[in-house]
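Engineer: What would the 3D arrangement of this be:
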Amino acid sequence: MQAEIITIGDEILIGQIVDTNSAWIAQQLNGIGIRVKQISSVSDDRHHILAALKEAHERANIILITGGLGPTKDDITKKTLAEYFGVGLVENKQALANVEAIFRRLRGTFTELLEVNRQQAMVPENCEVILNRNGTAPGMWFNYDDTIYMSMPGVPHEMMYMMEDSVLPKLKASLKLPHIVHHTILTAGEGESYLAEKIKDIEDDLPPYIKLAYLPKLGQVRLRLSAYGDNEAFLAEKVKDFAARITERVGNAIIAQEDIPLEKAILNFMADRELTLSAAESCTGGYISHLITQHPGSSHVFFGGAVSYSYELKESILGVKNETLWQHGAVSEETVKEMVEGALLNFKSDYAVAVTGIAGPDGGTPEKPVGTVWIGVANNAKTVTKKFSFGNKRQQNIERTAIAALNMLNILLKELN
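Structural biologist: Numbers count the residues shown, from 1 in each chain. This is a model prediction of the structure:
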């Protein structure tokens, strides 16, 4: 089964909002065995929408549409769908009752609906209404020319509830779907091309029903094995075998055998061993701490830390010596060593990570250009420091520093095994 996702709205095309709906829908479809062929975004323009629907019909047999179902004049999806199917609009009693119930719930008592609110219950006469329990715009399911069309609100929480409660169960009940088995291997510290060369022969051995995807991110690469077929147990066993071969070949670059972020893998590892962590950040400005604390349960591992830009805070909070700073500078091996050991001592954690550098775009010198970063990781028995030379883009330098620091921490943690 091939699916296409169409998101409608000028606000997406001008960058006013980010289209998170498509990514979420694609994940849900993939989970039930439906592969997404294409994702498109079109403007609130009748001609654009009609063209997108016609083109999608040539590529896919499941077309999911979000957006353009509101009560205002710029929301034209419903009328355009009626034109596409060559039908009129009719008032749906269930949809109208749902609109009335929502207004009653919001206002405490029922008041007469405005005409613009009643119009929400007008739908193309050939659709099956999928009620929206969280908004006034109903979903609309169409079976047309051996293709399923499903139009949903663009408001993410309304769309998500509708997908989970109605659309996904209806798709599974309506279609004979294959099984999809995924296995993700998270790696860090080795580039995509290097990994590809390392496992080239394993990739060549993959049968046609198993695909290997490389998903690179700053300092990381996810290797995703995906198997498609009717026998789920057989697929799972084959994927397991190839994952084991890749794991043995790649070795220490592997962080986790699941699709989770690097910092979450580290948190899980440390939590299982009842280890604690603290941070001393300069050039990342708390970004490492943010990555860690965005995950539930991080407080079991992460004690906290210091964002110490100034010499004064490096001295008073972390215990960096004044002479170290003035002799070697804030961005130096000597300073980062004292920062990480000071965090370990003062915050009383089992492990610590420290970073200091020049994120940019200014502040560099010929000796220490923008992108120069020193990272330190330590436990009570060992301190490891390393110099990095990144680029001249501030945000990328911050992100690269955080990932490099977490990877260094992961390597130190692996010495426990």
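
Engineer: would you say residue 161 is within a helix?
Structural biologist: Yes. Under DSSP: H, G, I helix; E, B strand; the rest coil, residue 161 sits within a helix.

Engineer: which residues touch it?
Structural biologist: Residue 161 makes contacts with 132, 133, 134, as judged by C-beta atoms under 8 Å, 6 or more residues apart in numbering. Glycine gets a C-beta too; all of them are placed from N, C-alpha and C.

Engineer: Could you tell me which of those residues count as buried?
Structural biologist: Neighbour counting by 16 or more other C-beta atoms under 10 Å classes 132, 134 among the contacts of residue 161 as buried.

Engineer: Can I get the contacts of residue 161 in a markdown table including distance to residue 392 and pLDDT?
Structural biologist: A markdown table is the format used below for the contacts of residue 161 (distance: C-beta to C-beta, whole Å; pLDDT from 0 to 100):
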| residue | distance to residue 392 | pLDDT |
| --- | --- | --- |
| 132 | 48 | 93 |
| 133 | 50 | 88 |
| 134 | 46 | 88 |
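
Engineer: which regions of the stretch 51-200 of the chain sit below the pLDDT cut-off?
Structural biologist: 106-112 (pLDDT under 70).

Engineer: tell me the strands in it, going along the chain?
Structural biologist: Using DSSP state E, counting those that start in this stretch, the strands of the stretch 51-200 of the chain run over 62-66, 89-91, 122-124, 128-130, 139-144, 147-152, 179-188.

Engineer: in stretch 201-213, what counts as buried?
Structural biologist: Using 16+ other C-beta under 10 Å as the test for burial, stretch 201-213 gives 203, 209, 210, 212.

Engineer: same deal with stretch 362-370?
Structural biologist: For stretch 362-370, using 16+ other C-beta under 10 Å, the buried residues are 364, 368, 370.

Engineer: Out of these, which comes closest to residue 114?
Structural biologist: residue 370 (57.3 Å; C-beta to C-beta).

Engineer: how about that closest one, what does it touch?
Structural biologist: Counting by C-beta under 8 Å, 6+ apart, residue 370 makes contact with 358, 359, 360, 361, 362, 363, 364, 391, 392, 397.

Engineer: okay but the first one is in contact with residue 373, surely?
Structural biologist: Yes. With contacts counted by C-beta atoms under 8 Å, residue 358 reaches residue 373, the gap being 7.5 Å.

Engineer: Tell me which of the two has more neighbours.
Structural biologist: Between residue 358 and residue 373, residue 373 has the larger neighbour count (other C-beta atoms under 10 Å), namely 26 against 23.

Engineer: Run through the residues that contact the nearest residue to residue 53 once chain neighbours are set aside.
Structural biologist: Spatial nearest neighbour of residue 53, chain neighbours left out: residue 84 (5.2 Å); criterion: C-beta to C-beta, 6 or more residues apart in numbering. Neighbouring residues of residue 84 by C-beta under 8 Å, 6+ apart: 49, 50, 53, 54.

Engineer: swap in residue 205?
Structural biologist: Contacts of residue 205 (C-beta under 8 Å, 6+ apart): residue 242.

Engineer: Span of stretch 161-176 from start to end?
Structural biologist: Stretch 161-176 has its terminal residues 23 Å apart, counting by C-alpha to C-alpha, to the nearest Å.

Engineer: same deal with stretch 354-363?
Structural biologist: Taking C-alpha to C-alpha as the measure, stretch 354-363 stretches 20 Å from start to finish.

Engineer: now that stretch, how far from the centre of its chain.
Structural biologist: Relative to its chain's centre, stretch 354-363 lies at 27 Å (C-alpha atoms, centre = their mean, to the nearest Å).

Engineer: list the contacts for residue 271?
Structural biologist: Residues near residue 271 by C-beta under 8 Å, 6+ apart: 297, 300, 301.

Engineer: Please list the members of those residues that lie in helices.
Structural biologist: Judged by DSSP state H, helices contain none of the contacts of residue 271.

Engineer: relative to strand 179-188, how tilted is whichever helix or strand residue 23 is part of?
Structural biologist: Assigned by DSSP states H and E, residue 23 belongs to helix 20-31. Between helix 20-31 and strand 179-188, the angle comes out at 120 degrees (axes from the mean of the first three to the mean of the last three C-alpha atoms, to 10 degrees).
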